[in-house]
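fold the following, please.
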Amino acid sequence: MNIISLIRNTATKSSRRILIVSTNSSFSGSPHAKCHHTLTTSLQPRPLWFQRIMGGAQKFFGIPSSRKTIKVQNLSTSIETHVNNDNNFESIFVHGGVNVKKPLVVERVDIDDKDENVVSAENSDSGGRVSNDVTAVMNKDEEHTNVEKEAWKLLESAVVSYCGNPVGTMAANDPGDKLPLNYDQVFIRDFIPSALAFLLRGQNEIVKNFLLHTLQLQSWEKTVDCYSPGQGLMPASFKVRTVPLDGNNHEEVLDPDFGESAIGRVAPVDSGLWWIILLRAYGKLTGDYSLQERVDFQIGLKMILNLCLTDGFDMFPSLLVTDGSCMIDRRMGIHGHPLEIQALFYSALRCSREMVAVNDGTNDLIRAINNRLSALSFHIRQYYWIDMKKINEIYRYKTEEYSMDATNKFNIYPEQIPLWLMDWIPEEGGYLIGNLQPAHMDFRFFTLGNLWSIVSSLGTPRQNTATLNLIEAKWDDLVGHMPLKICYPAVDNEEWRIITGSDPKNTPWSYHNGGSWPTLLWQFTLACIKMGRIELAEKAVALAEERLPVDSWPEYYDTRTGKFIGKQSRLYQTWTIAGFLTSKMLLKNTEKASLLFWEEDYELLEICVCSLNKSGRKKCSRGAAKSQILV
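Residues are numbered from 1 along each chain as shown. Modelled structure (predicted):
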């Protein structure tokens with residue numbers, strides 16, 4: 001039996017949840033701390049068999065035996081499913097049997113003749129260990145306002161530690177909340193503004209720990225009525241739990257939630273996309289690219305991409321998702337191809353294009369990324385964009401067209417144009433609609449999707465400018481007393497009953513149904529900085545700075561203009577606090593802000609993915625692709 005068979009058989013016979021235990025690493029609070037990546041049970045580590053396996057692998061791959069540390073990340077990083085190459089180190093773990101859901105990846109292995117624990121996480125010194133004391137860092141920074149100082153203290157109090165090290169921030173930290181539900185957990189989506197705030201201040205350790213630990217939680221077996229999500233799925237959130245052992249001993253475990261405990265039981269599509277975006281931001285803001293170059297991070301990155309790029313029955317280059325799979329995590333009629341997911345997907349692909357290691361094993365993946373980027377940008381720019389000109393075109397659409405040259409490709413009926421839209425949209429503005437499916441256009445304005453389309457350059461320069469023009473022209477509707485509306489307008493009456501299922505939390509102008517969410521402020525600020533409209537961001541930040549501390553930093557606001565604190569809004573919502581702080585810091589340092597957005601990629605316009613030469617169908621010209629820049 002060769003070493004490959006040995007590893008596969010051992011991995012299959014052992015538990016499907018393989019634990020990587022660190023007894024002397026940056027993960028551990030002390031040499032005696034027991035910190036396991038597990039769910040509800042703790043398995044004993046197997047240092048003896050793992051050491052023997054790695055010793056055999058060492059000989060098999062021709063790695064010289066030594067007591068020194070061996071860095072495995074220099075080996076191949078291909079996980080292409082069609083490649084059958086037993087000499088590929090990663091393929092041993094990814095394809096080691098149908099029961100292996102999480103690849104066992106070792107960052108470094110200390111080879112010794114003694115039977116000792118040999119698996120440890122990399123204890124990188126890059127960036128240095130940052131103090132958890134926010135006050136100490138604050139004294140070195142430029143002068144802060146009293147509101148900012150309060151916000152930093154609140155953000156610090158929301159930090160969650162695992163084995164003595166910070167790993168994230170809880171969703172809300174209201175001391176008066178007796179029923180926190182899952183707001184005491186660390187959400188990948190919610191942590192993004194917190195992570196950026198910490199990175200912009202040079203506090204890198206918490207972000208690095210977060211990325212490391214969430215990577216270890218990726219693709220665990222979680223089920224909803226005996227069905228497992230695809231390999232590569234990132235959890236929506238995780239919680240640090242203390243589990244009693246024999247006697248008076250306890251250990252800390254990370255308990256992830258992949259949607260099986262969520263309201264509606266929907267798996268998060270956006271978590272993996274945000275994780276990729278944060279990984280790039282970590283490298284850009286710290287200058288430390290070693291994390292994204294590690295073999296385990298390359299595997300995690302590719303697993304997310306493989307999940308998103310898998311072929312299916314859908315004809316569109318956009319991602320098909322269910323209702324409630326993103327920031328709007330309740331039924332709101334966004335099933336299909338919601339703009340928010342497409343903008344995040346596009347951003348994640350652009351991030352991956354920068355971070356995926358280029359070698360013979362990743363050529364197909366990189367080609368797939370480029371093709372999807374080109375097709376997705378063309379699709380969104382061409383079919384999601386509306387302004388007065390496009391509305392007038394839809395108003396005169398002919399229906400039931402059958403041909404490759406049809407103008408009304410998705411059989412949209414002109415009667416779908418809502419009455420409010422004709423008088424609402426300004427002459428000099430426009431935006432990307434919320435959703436597009438056969439015979440259906442969701443004309444609502446979804447703020448996150450439009451802002452992130454600007455940040456990622458999913459929209460053309462003219463479209464991005466027009467979107468900010470619309471926000472400025474419709475300031476009272478989209479900003480009002482508190483930036484920013486999550487969507488506009490709200491659905492009400494019979495439409496509300498049909499679309500939301502009579503959801504009492506999503507009543508008109510509340511929560512996801514037209515509520516105002518202060519956390520969107522940092523993305524609005526980033527978009528404004530990119531487009532040279534800083535005055536709009538400063539105006540919005542000033543509104544938030546005046547109200548948020550007085551209102552105890554609520555999760556969201558209600559009413560058409562955002563006058564009242566949300567009827568079920570949590571107070572001291574962490575991403576509200578972090579969104580405000582990140583916005584302030586971005587405005588003070590626009591050079592760092594430029595590291596977080598993307599300019600137009602002209603190379604993508606040279607890639608024509610619409611041609612099907614074998615079928616003889618009409619071939620897209622490069623000129624047509626380039627023309628999208630002028631839309």
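
need the contact list for the residue nearest to P193 when sequence neighbours are not counted.
Excluding the flanking residues, the one nearest P193 by CB to CB, 6 or more residues apart in numbering is A578, at 3.8 Å. (C-beta placed from N, C-alpha, C; glycine too.) Residues in contact with A578 (CB atoms under 8 Å, 6 or more residues apart in numbering) are L155, T169, P193, S194, L196, A197, T519, W522.

which among those residues gets closest to I498?
T519 (28.5 Å; CB to CB).

doesn't P193 make contact with that closest one?
Yes. Using CB atoms under 8 Å, T519 is in contact with P193, at 6.2 Å.

overlap of the contact sets of the two?
In contact with both T519 and P193: W575, A578, G579, using CB under 8 Å, 6+ apart.

same list, those residues, but as TSV with secondary structure, pLDDT and distance to I534 please.
As requested, these are arranged in TSV below (DSSP: H, G, I helix; E, B strand; the rest coil; pLDDT from 0 to 100; distance: CB to CB, whole Å):
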residue	secondary structure	pLDDT	distance to I534
W575	helix	98	23
A578	helix	98	20
G579	helix	98	17
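
in JSON lines: those, plus distance to Q231.
Below are the shared contacts of T519 and P193 laid out as JSON lines (distance: CB to CB, whole Å):
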{"residue": "W575", "distance to Q231": "28"}
{"residue": "A578", "distance to Q231": "31"}
{"residue": "G579", "distance to Q231": "32"}
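
centroid-nearest residue for the protein?
W274 (1.3 Å; CA atoms, centre = their mean).

contact partners for it?
Contacts of W274 (CB under 8 Å, 6+ apart): I188, R189, I192, L344.

again, but for L376
So L376 contacts P317, S318, Q342, F345, Y346, L349, L458 (CB under 8 Å, 6+ apart).

got the phi and psi for it?
phi -70, psi -40 (degrees, to the nearest 10).

same deal with T322?
Per degrees, to the nearest 10, the backbone of T322 is at phi -90, psi 170.

what does I433 give?
phi -70, psi 170.

and it, bridged to which residues?
F445 (DSSP bridges).

quick check: next helix or strand after the strand or helix carrying H379?
H379 belongs to helix 363-383 when elements are defined using DSSP states H and E. Using DSSP H and E, the helix or strand that follows helix 363-383 in sequence is strand 385-386.

tell me the angle of the helix or strand just after that following strand relative to helix 363-383?
Remark: after strand 385-386, the chain's next helix or strand is helix 388-395, criterion DSSP H and E. Per axes from the mean of the first three to the mean of the last three CA atoms, to 10 degrees, the angle that helix 388-395 makes with helix 363-383 is 80 degrees.

helices or strands up against helix 388-395?
The criterion is 3 or more CB pairs under 8 Å, 6 or more residues apart in numbering; DSSP states H and E, and there are no helices or strands that helix 388-395 contacts.

name the residues that touch it?
Contacts of helix 388-395 (CB under 8 Å, 6+ apart): I386, I412, P414, I417, L421, M422, I425, E427, G430, M441.

show me those residues that map onto strands.
Members of the contacts of helix 388-395 lying in strands (criterion: DSSP state E): I386, M441.

in ChimeraX, select just the buried ones from the contacts of helix 388-395.
Remark: buried members of these, expressed as a ChimeraX selection using 16 or more other CB atoms under 10 Å:
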select :386,412,417,425,430,441
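
now for the contacts of helix 388-395: which two are most distant?
I412 and E427 (22.7 Å).

sorry, back to before: A helix includes the residue nearest to the centre of the chain, no?
Yes. Assessed by DSSP: H, G, I helix; E, B strand; the rest coil, W274 belongs to a helix.

look up how far A348 lies from it.
Separation of W274 from A348 (CB to CB, to the nearest Å) stands at 8 Å.

need the contact list for K592.
Contacts of K592 (CB under 8 Å, 6+ apart): L200, L285, M585, L586.

name the element the last one belongs to?
Just to be clear, that refers to L586. helix 574-588.

check the offset of that helix from the chain's centre.
Relative to its parent chain, helix 574-588 has a centroid offset of 18 Å by CA atoms, centre = their mean, to the nearest Å.

same thing with stretch 318-333?
14 Å.

show me where this structure dips below the pLDDT cut-off.
1-143, 219-223, 608-631 (pLDDT under 70).

go with 50
1-33, 37-140, 611-619, 621-625, 629-631 (pLDDT under 50).

ok, the closest residue in space to I304 that isn't next to it in sequence - how many residues close by?
Excluding its sequence neighbours, the residue lying closest to I304 (CB to CB, 6+ apart) is G272, at 4.1 Å. The tally of other residues near G272 (other CB atoms under 10 Å) stands at 26.

equivalent analysis for T407, please.
Counted by other CB under 10 Å, the residues lying close to T407 total 10.

how about it, secondary structure?
Going by three-state DSSP, the state assigned to T407 is coil.

tell me the buried residues in stretch 533-543?
So stretch 533-543, judged by 16+ other CB under 10 Å, has buried residues R533, L536, A537, A540, V541, L543.

go on, stretch 234-251?
Quick answer for stretch 234-251 (16+ other CB under 10 Å): M234, P235, A236, S237, F238, K239, V240, V243, E251.

regarding that stretch, how distant is the last residue from the first?
24 Å (CA to CA, to the nearest Å).

same check on stretch 590-598?
Termini of stretch 590-598 sit 14 Å apart (CA to CA).

and stretch 402-417, by the same measure?
22 Å.

quick one: it to chain centroid distance?
Worked out by CA atoms, centre = their mean, stretch 402-417 lies 33 Å from the chain centre.

likewise stretch 213-220?
14 Å.

do the same with stretch 385-400
Using CA atoms, centre = their mean, the distance between the centre of stretch 385-400 and that of its chain works out at 33 Å.

now that stretch: buried residues?
In stretch 385-400, counting by 16+ other CB under 10 Å, buried: W385, I386, D387, K390, I391, I394, Y397.

list the contacts for the nearest residue to G514 once chain neighbours are set aside?
Spatial nearest neighbour of G514, excluding adjacent residues (CB to CB, 6+ apart): A490 at 3.1 Å. Counting by CB under 8 Å, 6+ apart, A490 makes contact with W496, P508, W509, S510, N513, G514, R560.

so the fourth one touches D558, yeah?
I take that to be S510. Yes. If you go by CB under 8 Å, S510 and D558 touch, sitting 4.6 Å apart.

quick check: neighbours shared by these two?
G566, K567.

buried residues in the helix or strand containing K153?
Using DSSP H and E, K153 maps to helix 146-157. Across helix 146-157, burial judged by 16+ other CB under 10 Å covers V147, E148, A151, W152, L154, L155, E156.

including distance to I206, could the residues you listed go into a markdown table?
As requested, the buried residues of helix 146-157 are arranged in a markdown table below (distance: CB to CB, whole Å):
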| residue | distance to I206 |
| --- | --- |
| V147 | 22 |
| E148 | 19 |
| A151 | 16 |
| W152 | 13 |
| L154 | 15 |
| L155 | 10 |
| E156 | 10 |
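
re earlier: who wins for neighbours among the contacts of K592?
Ranking the contacts of K592 using other CB under 10 Å puts L586 first, with 24 neighbours.

OK, contacts around that residue?
By CB under 8 Å, 6+ apart, the neighbours of L586 are L200, W522, T525, L526, I529, K592, A593, L596.

what's the answer for M441, then?
Contacts of M441 (CB under 8 Å, 6+ apart): I394, F410, I412, Q416, I433, N435.

the last one and Y383: what is the separation?
Look at N435 and Y383: by CB to CB, they are 11 Å apart.
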